Each structure stands twice: as C-alpha cells, then as structure tokens.
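A.B. asks: My questions are about this predicted structure, shown below with the sequence.
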Amino acid sequence: IITKNIVAFNFAKRGGGILSPHTTISYNVIHSNVASEGGGGLDLHDGSKLINNTIVYNSAQGQDEWHEGGGGIFCKNPHFEIINSIIRDNYPEEIKYRRDFLGYAPTSFITHSNIKGSQDGIVTIEHYSFDETNIDADPRFVDPKNHDFDLKPDSPCIGSGKGGVDIGALLYGGNPIHVE
C-alpha cells in the first residue's frame, strides 16, 4: 500500500512518480513528475488499484505504441481500478492503457473520477469500463501554480466520489495530507 504521500519533481525511465505492480495507491498527490518512456505520474501493472489520488502536471516523453506515453498514468495488463481520483493536465494524455499479449480478458474500471477530456483523455488498444459517474470539470484547486491542490468550496469534486466522498487526495475540510 502506498498512501498519504506527496510524490513530486521526480524523473525516471518508467514511472516518473511511482512504478508499481499489484499495489493499492490511495490519498497521494502525484504531480510534476517526468518519465522518459512511460508513466509520467505512475506506471502501473496488473492488479493495481488507485483510490482518491490527485494526479496532475506529469509527463511522459515516449510516444510510440510500445514505449509508452501515459503522461498521468500508464497501465499495463488488463486488471486495474481507478476510483475517486483527479487526473488532469498530464502530457501527452491522461491515461494510456495496453496489455501484453497474454490472452486475458480486460477487467479494468474507472469510476467516480475527474478526468480531463473524459474518455478522450484515455488512449487505449483495449476495453475498459468508464461509467457515467466520471466527470470532466475544472477541480477548482486553491493555488495549483504553487502546488496547493486543496479543493475550493465551489469545487465540483466535493461530494462527487463514490459514497458521497470527495474526489481527489485532499478532501475538502478534512485533508488526510497537506501539501506544503
């Protein structure tokens, strides 16, 4: 489990912020990371679960089909979940998803999240579940230029998550972590 961290200003070949298989990642602010190949913010493999994360301003320089892209998140293999997360302003795309040729049927779910471009922010050669609980709206951060990703009182992310909780790592009025 990776929880309640600020992961920022890192550089790596893959997974500029986090490179992780089979992991639950929750309540993290992941911003301003760079990967030379894939997964600027995160490079995830089979079985990963993201819950209440804020993933913004990351980039991946690899742009071809296999080397990888996924400015915010690069997902490899067919089983992952993203719930209650803000994924915005990553380059070249918010999420890139592909699987190895292992013959698995994909069972990937994205729910109750704020993704820039909605489904257009996701590049994939596979199928995944993206339901009507997701939104595409300015999250209304307090001061993103100075890395304050707390939500303003008029944020559309307040109360829009699964079970009526807030979307993102920093819950309005009761933040589990504080960005300094």
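C.D. replies: Great, that's in hand. Numbers count the residues shown, from 1 in each chain.

A.B. asks: what ranges of this structure fall below the confidence cut-off?
C.D. replies: Segments of the chain classed as low confidence (criterion: pLDDT under 70) are 63-67, 77-78, 99-107, 125-128, 174-180.

A.B. asks: What residues sit buried inside stretch 3-13?
C.D. replies: By neighbour count with 16 or more other C-beta atoms under 10 Å, stretch 3-13 contains the buried residues 5-8, 10, 12. Heads up, the C-betas are built off the backbone N, CA and C, glycines and all.

A.B. asks: Hmm, I typed the wrong one, I wanted stretch 160-169.
C.D. replies: The neighbour-count criterion (16+ other C-beta under 10 Å) identifies 160-161, 165-169 as the buried residues of stretch 160-169.

A.B. asks: Just send these back as a markdown table, with secondary structure too.
C.D. replies: What follows is the buried residues of stretch 160-169, written out as a markdown table (DSSP: H, G, I helix; E, B strand; the rest coil):
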| residue | secondary structure |
| --- | --- |
| 160 | coil |
| 161 | coil |
| 165 | coil |
| 166 | coil |
| 167 | coil |
| 168 | coil |
| 169 | coil |
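
A.B. asks: what's the most distant pair in the buried residues of stretch 3-13?
C.D. replies: By the measure C-beta to C-beta, 6 and 12 form the most distant pair in the buried residues of stretch 3-13, at 16.6 Å.

A.B. asks: Quick one: residues in contact with stretch 149-168.
C.D. replies: Outside of stretch 149-168, the residues within contact range by C-beta atoms under 8 Å, 6 or more residues apart in numbering are 29, 31, 52-54, 56, 83-86, 111-114, 133, 135, 137-142, 169-172, 175, 178-179.

A.B. asks: picking up where we left off before, so which of the buried residues of stretch 3-13 belong to strands?
C.D. replies: When DSSP state E defines the strands, the subset of these inside them is 6-8, 12.

A.B. asks: now the end-to-end length of stretch 37-48.
C.D. replies: 20 Å (C-alpha to C-alpha, to the nearest Å).

A.B. asks: whoops, I mixed them up, stretch 18-26
C.D. replies: Taking C-alpha to C-alpha, the span from the opening residue of stretch 18-26 to its closing residue is 12 Å.
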